[in-house]
Structure formats: structure tokens, C-alpha cells
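>>> Starting from these lines, generate the structure:
(4 chains)
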Protein chains: 2
Amino acid sequence: MSRRKRYSERTAKEIKQIAYRLLSEKGSAGLSIRAIAREIEMTPPALYTYFASLDDLITALIVDTFNAYADALETARNTAIENNASLTDQLIAVSLRYRTWAIEYAERWKLIYGNPIPGYHAPPEVTVPAVRRTGNVFLGIMINMVDTGELSTFNTVESIPSTVRKHLQATLPDDAPDTYLYPMYELYSCWTHLHGMITLEIFNHLQGAIGDAESFYLHEIKRMYTEMGLKV
Amino acid sequence: MSRRKRYSERTAKEIKQIAYRLLSEKGSAGLSIRAIAREIEMTPPALYTYFASLDDLITALIVDTFNAYADALETARNTAIENNASLTDQLIAVSLRYRTWAIEYAERWKLIYGNPIPGYHAPPEVTVPAVRRTGNVFLGIMINMVDTGELSTFNTVESIPSTVRKHLQATLPDDAPDTYLYPMYELYSCWTHLHGMITLEIFNHLQGAIGDAESFYLHEIKRMYTEMGLKV
DNA sequence: AAATATGACTTTACGGTGTTTAATTAAATG
DNA sequence: CATTTAATTAAACACCGTAAAGTCATATTT
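Sure, this is the predicted structure:
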């Protein structure tokens, strides 16, 4: 690891930090090569040494953000485990963190889940695995629940549409029991609901309707998990 | 209504149509004053006669789009009624249309529910009433269901968080019975879930996970309405 | 140690964007 | 017909991403 390489990585990190600051201060509209160059006191083309294009820089931000999001969820779960929380309480803790992180880092969240930068298209080969990490935090808990019997799989598996069931089966490891289909399906059912509430809150469509988005969210996840058969 | 005024309105409409075409062809990145000017064979500043700014033009597109969305939902419901569909089937028909419209007019949908144009902020006084129209199609059906007894209100009303309940109560007409709180709350519970599925599908986060987003959506809404106590 | 190559930059430039200003033309009104 | 008003244009400003070419210090190779 040469001196020059270390310097270069430090600068790349600095560029990303300035990008995050501009993003949170002025939204994605403030995120430009030239604005970053001004802040870091370089000429705009100098940034091309570190990122091949603005799109590349944004992709780097997106990947980092997905990972930071997943880290936050994992931390939330670990904290819950340290406090001897039940699996259900772990699930609730992670669900709540899923929202608070989104609110706290709203502009970064919009970067990954909104459609913010016109002309930019995220390369799926890099973002799809990153998305999966966040889902896996939820899935891990739910699979634990199936193992302990807390989450009953009864006959819901049969009712899953066959196309969906086949797809889930294909993503399941070979040695995993069929009963794991249930938590996988349930994961997406829950995820889409959580995600809808958060999206609408962040884009300001929910507050006017419901008044207190936080209480609504908490109530909905408790109701959702109750209907899944958990004792909340 | 003078000749000039008629011409002016026709031109404004033409501008919006070109804007929609550019939007669906190239996404929000292709939506620029200068691009529209090229298409309509005007110089860019000429467009400022019709819209005070690009933001104003976008706001006009957004309002139109919200209304078109609501129109489509109302048409879906009316068609269902004409076919003697039950209230439950009306609700399902509208729910399905909520998705197909979003997919069909994805770029317009992103305009209203995503965060597409950096620097643009929708004026709430103009968009909030427009959002409400779409919700009212769902709400209308659910209120009918309460009136006919199809939708039981049992004790869910009591469990609604007090802050949310107060807010819903405030938006309820004075002469409406308290039992209407239940469908109002349920509306938002359903809406957030539908919205989450559609958002994730449109932003390409769901297909990789679930395979067949359409079947998933149908299965989820049926399950949701079953859990609400409806006979689907 | 000298020569070469590489990486980090700067200057300049091109073509794109939204928007303002002032001047011009066309249409409607008195 | 004269005057007001609306519609349009040309020119310019301040941004934007990025390509090309050149400069200079640092690494690497001979």
C-alpha cells in the first residue's frame, strides 16, 4: 500500500463526505461535480481522477448507503439481542430502525429508494446484493422464528402464487427446508408495507392524511406481526 | 373568450402534451424547457409566456397526472358497478387499477410519487387535494361497506393511536358517524401497503426478489382484504 | 542515479441546461 | 388609424458534465 494510494483513498473518501453533506444540505439538486470541486478546492476535472463520472460517484454513494442502512439494522438487532429481547421484539426493533434511519438520512434514503437523479441508472449487479443485505436482517429473525416454532407456517405456503413460490424456491439454499418459504414470502409482504409507509412519509404524502406518522407506523407493524401469529 | 386566449390555451395544452411525450420517452431527464422548445419549434424563452418556470410546468403536469390517476380509478369502479360487482369486487378492481395505471404511466407516476426533478418542490396547497381524490375512491367503497355491514368495525377503532384518531376525527365531516373512523384508518393501512408494492416494483427492487410482481400484488390485496373481514 | 512512467492536477473548451433582459413583431382594442 | 397588449426572438448570464491537452511531482524501472 503505497503512500500515494493512501492519499488517493483519503481524498476519495473526502469527496464522498462532501457529497453527502451537499446532499443532506441541498438535496440531490446540490449534488454536482462542480459544487464538490468548489468545496474541496479543486478544479472540476480533477475529480475525474477519483471517479470516472458523476454516475460512478453516485453509484459509490448508493452502495455505501445501502451498506450503512444494513449496518444500522444489524446494530439495532444486536442491541436488542444484548438486551435479551425476544425474537418478536427484535423484529419490532429492526422494523422501527428501518424507519428512523430513513427519516434521519432522508436524502441518502431518497438516493437509494427514490428516483432522484435524472439520467442516472443504477447498475443492478452492484445494487441488488446491497439491497439484499437489509432484507436479510429481517429474514434472519423470521427464519429463527420458524426454527423455534414461534412463527407457524400452517397452510399459507400452499396459497402462495405458484410463480412466486417457484422463484422463492430457486433463491432458497438447497439444504433449506421448504417451510422457509413462508418467512421469505412474509418478509416481502412486510417489507412492501413498511416501505410504503416510509416512502409516503418521506415524500410528505402521509402526514396530512394521518397526522402522526410515527404512531401510525408503530401501530401498523404491531398489527402486522400480530396477524402473522406473533405475540407482540 | 377571445380568439387569442383560445389559441394560447391550445398552445399551453400542446406544450404539456409534448412534455408528457418527452417524459415517457426519455424519463424526467428528457424533460427540459429547451427540449420542449425544440419540439414545438419555438425559442426557449417563448415558453415562459405559458409557464412562469419549469417548476410551474412540472406542477401543472403533476396536477393533471393526479387527476388522470383519480379518473382512471373512478372509471374502474364505475365499470365494476356496471357489471354488478360486489363492493368487495369493486375494491379489488380499483386496487388492481391502482397498480396497472402506475405501471402503464410509470414516468408520470414517478413524477407524482417519486422524487424525480432535483430542485423541484411540489406546492402542497395544490397537490394535497389532488392526492385526496385517489384516496376517496377507495374510501367511498369502504364507507359503503360499513353502511351495509360488510365491513365490521368491531373494536379496532379503540386500538387506533389517539393522535391518529384525533387527526382522522378532525377530517371527518361533523355529521359522519364515529364508525367511519375505521374505514378511514383501514384506507391508510391498505394504501401504504399497495403503495409500497408498486413503488418497489416501479423502481425495480421487487422483481428480483419475488419474480412475479403482478401475482404477488393480487395475492397480497386478497389476503389484506380477507384479513379486513371481507369475503373475497 | 538517471530515465521513464504514472498519477494528480490545471487550463481551456464544447455543448448542454434554466432564466433574464431588451427589442421586435403581431394581434386586439380604443 | 393609433395605441395598447400579447407573443416571440436574439443575446447574454450563470450554471452543469466532461473531454483534450499540457504541467509537474512522485514512483518505478533500468
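
>>> residues in contact with the nearest residue to A:Thr226 once chain neighbours are set aside?
Spatial nearest neighbour of A:Thr226, excluding adjacent residues (C-beta to C-beta, 6 or more residues apart in numbering or on different chains): A:Val232 at 5.4 Å. The way it works is simple: take the backbone N, C-alpha and C, and place the C-beta from them, glycine included. If a contact means C-beta atoms under 8 Å, 6 or more residues apart in numbering or on different chains, then A:Val232 has A:88, A:92, A:222, A:225-226 as its contacts.

>>> Name the residues of chain A found near DNA strand C, please.
A:4-5, A:7-8, A:11, A:42-46, A:49 (C-beta under 7 Å from any atom of the strand).

>>> shouldn't A:Ala102 be in contact with A:Met197?
No: in this structure, A:Ala102 is not within contact of A:Met197 by C-beta atoms under 8 Å, at 9.9 Å.

>>> Looking at the two, which is more packed in?
Remark: of A:Ala102 and A:Met197, A:Met197 carries more neighbours, 26 against 23, as counted by other C-beta atoms under 10 Å in any protein chain shown.

>>> how far away is the residue nearest to A:Thr226 from DNA strand D?
47 Å (C-beta to the nearest atom of the strand, to the nearest Å).

>>> Likewise for A:His167?
Applying C-beta to the nearest atom of the strand, the value for A:His167 to DNA strand D is 35 Å.

>>> pLDDT at the residue nearest to that residue when sequence neighbours are not counted, what is it?
Nearest residue to A:His167, sequence neighbours excluded (C-beta to C-beta, 6+ apart): B:Gly211, at 2.8 Å. For B:Gly211, the pLDDT comes out at 95.

>>> ok, A:Thr59 - how many residues close by?
Residues near A:Thr59, counting by other C-beta under 10 Å, number 19.

>>> State the helix or strand in which it lies.
Assigned by DSSP states H and E, A:Thr59 belongs to helix A:54-82.

>>> touching DNA strand D at all, that helix?
Yes: Helix A:54-82 is in contact with DNA strand D by C-beta under 7 Å from any atom of the strand, via A:54-55.

>>> Tell me the helix or strand right after the helix-or-strand element of chain A with minimal mean pLDDT.
Counting by mean pLDDT, DSSP states H and E, the weakest-scoring helix or strand in chain A turns out to be helix A:156-159, with a mean of 71. Once the chain leaves helix A:156-159, the next helix or strand it forms, by DSSP H and E, is helix A:162-171.

>>> if we can go back for a sec, how far off centre is the helix holding A:Thr59?
Its chain's C-alpha centre and that of helix A:54-82 lie 7 Å apart, by C-alpha atoms, centre = their mean, to the nearest Å.

>>> same thing with stretch A:136-144?
That offset, for stretch A:136-144, works out to 14 Å (C-alpha atoms, centre = their mean).

>>> Quick one: residues in contact with it.
Here stretch A:136-144 has contacts from A:70, A:73-74, A:77, A:87, A:90-91, A:94-95, A:151, A:180, A:183-184, A:186-187, A:190-191, using C-beta under 8 Å, 6+ apart.

>>> Buried residues of it, list them for me.
If you call a residue buried by 16 or more other C-beta atoms under 10 Å in any protein chain shown, then stretch A:136-144 has these buried ones: A:137-143.

>>> go on, stretch A:83-100?
Across stretch A:83-100, burial judged by 16+ other C-beta under 10 Å covers A:87-99.

>>> what does stretch A:105-117 give?
Neighbour-count burial for stretch A:105-117 flags A:105-117 (criterion: 16+ other C-beta under 10 Å).

>>> For B:Ala35, state which of these is nearest.
B:Ala35 has its nearest neighbour among the buried residues of stretch A:105-117 in A:Ile117, at 17.5 Å by C-beta to C-beta.

>>> where exactly do the helices run in chain A?
In chain A, the helices defined using DSSP state H lie at A:3-26, A:33-40, A:54-82, A:87-104, A:106-113, A:124-148, A:156-159, A:162-171, A:181-202, A:207-210, A:213-227.

>>> what about the fourth one and chain B, touching?
No: counting by C-beta under 8 Å from any C-beta of the partner chain, no contacts exist between helix A:87-104 and chain B, the nearest distance being 11.8 Å.

>>> Residue ranges in chain A under the pLDDT threshold?
Scanning chain A for pLDDT under 70 picks out A:116, A:154-158.

>>> tell me which parts of it are close to DNA strand D?
For chain A, the contact set with DNA strand D under C-beta under 7 Å from any atom of the strand comprises A:2-4, A:31-35, A:44-45, A:48, A:53-55.

>>> just the residues you listed now: which is nearest DNA strand C?
DNA strand C lies nearest to A:Pro45 out of the residues of chain A next to DNA strand D, by C-beta to the nearest atom of the strand, at 3.8 Å.

>>> how many neighbours does the closest one have?
By other C-beta under 10 Å, 9 other residues sit near A:Pro45.

>>> residues touching A:Met184, list them.
Per C-beta under 8 Å, 6+ apart, neighbours of A:Met184: A:139, A:168, A:171-172.

>>> let me redo that: A:Thr43
For A:Thr43, the contact set (C-beta under 8 Å, 6+ apart) comprises A:Ala37.

>>> Contact partners for A:Thr171?
Neighbour list for A:Thr171: A:Met184 [criterion: C-beta under 8 Å, 6+ apart].

>>> Kindly apply the preceding question to A:Gln90 instead.
A:Gln90 neighbours (C-beta under 8 Å, 6+ apart): A:77, A:80-81, A:141.

>>> Restrict the residues you listed to the buried ones and give me that as a ChimeraX selection.
One line in ChimeraX is enough to select the buried ones among those; burial here means 16+ other C-beta under 10 Å:
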select /A:77,80,141
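
>>> Of the contacts of A:Gln90, which is the nearest to DNA strand C?
Distances from DNA strand C to the contacts of A:Gln90, taken by C-beta to the nearest atom of the strand, are shortest for A:Arg77, at 38.2 Å.

>>> just checking, the closest one touches A:Ala93?
Yes: taking C-beta under 8 Å as the definition, A:Arg77 is a contact partner of A:Ala93 at 6.7 Å.

>>> What does A:Leu31 show for phi and psi?
Note on A:Leu31: its backbone torsions stand at phi -90, psi 90 [degrees, to the nearest 10].

>>> actually A:Ser32, not the one I typed
In this entry, A:Ser32 is assigned phi and psi values of phi -140, psi 150 (degrees, to the nearest 10).

>>> which one is it nearest to, not counting chain neighbours?
The shortest distance from A:Ser32 to any residue other than its chain neighbours is 7.4 Å, reached at A:Leu54 (C-beta to C-beta, 6+ apart).

>>> What number of residues are in the vicinity of the one you found?
Neighbour count of A:Leu54, defined by other C-beta under 10 Å: 19.

>>> For it, give me its contacts.
Contacts of A:Leu54 were listed using C-beta under 8 Å, 6+ apart, and they are A:32-33, A:120.
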